[in-house]
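> coords below, sequence missing:
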């Protein structure tokens, strides 16, 4: 379950369906990935074709789900929940 967002636009898109702070060409893919992230019980649930799910280096441990081009949804996973969910270009 998603417990918190770093990116206000993603929060608005997920909670209220308004995505003014998320590029229009990314919104549909973000919603698909956020829905999957919210439903995931374990990290392995996110290892699906097209998501390019993987862990990132660094501390705290963060994970990435590919959205489009250089854009990815990143998050921390704590006790079965996603925290500090962000939309970023990390490459």
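Received the coordinates, thanks. Please read all numbers here as calculations on a predicted model, not as lab measurements. Residues are numbered from 1 along each chain as shown.

> which residues does the residue most central in space within the chain contact?
Central residue of the chain (C-alpha atoms, centre = their mean): residue 73, 3.3 Å from the mean position. With contact set as C-beta atoms under 8 Å, 6 or more residues apart in numbering, residue 73 has these partners: 10, 30, 33-34, 37, 64-65, 67, 85-87. Yep, even glycine has a C-beta here, placed from its N, CA and C like the rest.

> what pLDDT does it get?
At residue 73, the model reports a pLDDT of 98.

> swap in residue 70?
pLDDT, read off for residue 70, is 95.

> with adjacent residues omitted, what lies nearest to it?
residue 89 (4.3 Å; C-beta to C-beta, 6 or more residues apart in numbering).

> where does this protein dip in pLDDT?
Under the criterion pLDDT under 70, the flagged ranges of the chain are 91.

> please redo it, this time with the cut-off set to 90
For the chain, the stretches flagged by pLDDT under 90 are 19-20, 90-91.

> please identify the buried residues of stretch 6-13?
7, 9-13 (16 or more other C-beta atoms under 10 Å).

> next: stretch 82-91.
Neighbour-count burial for stretch 82-91 [16+ other C-beta under 10 Å]: 82-83, 85-87.

> between these, which is closest to residue 50?
Checking the buried residues of stretch 82-91 against residue 50 with C-beta to C-beta, the nearest one is residue 87 at 16.8 Å.

> with secondary structure and distance to residue 47 as added columns, please give the contacts of residue 73 in CSV.
Below are the contacts of residue 73 laid out as CSV (DSSP: H, G, I helix; E, B strand; the rest coil; distance: C-beta to C-beta, whole Å):
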residue, secondary structure, distance to residue 47
10, helix, 21
30, helix, 19
33, helix, 13
34, helix, 17
37, helix, 12
64, strand, 12
65, strand, 10
67, strand, 16
85, strand, 18
86, strand, 20
87, strand, 20
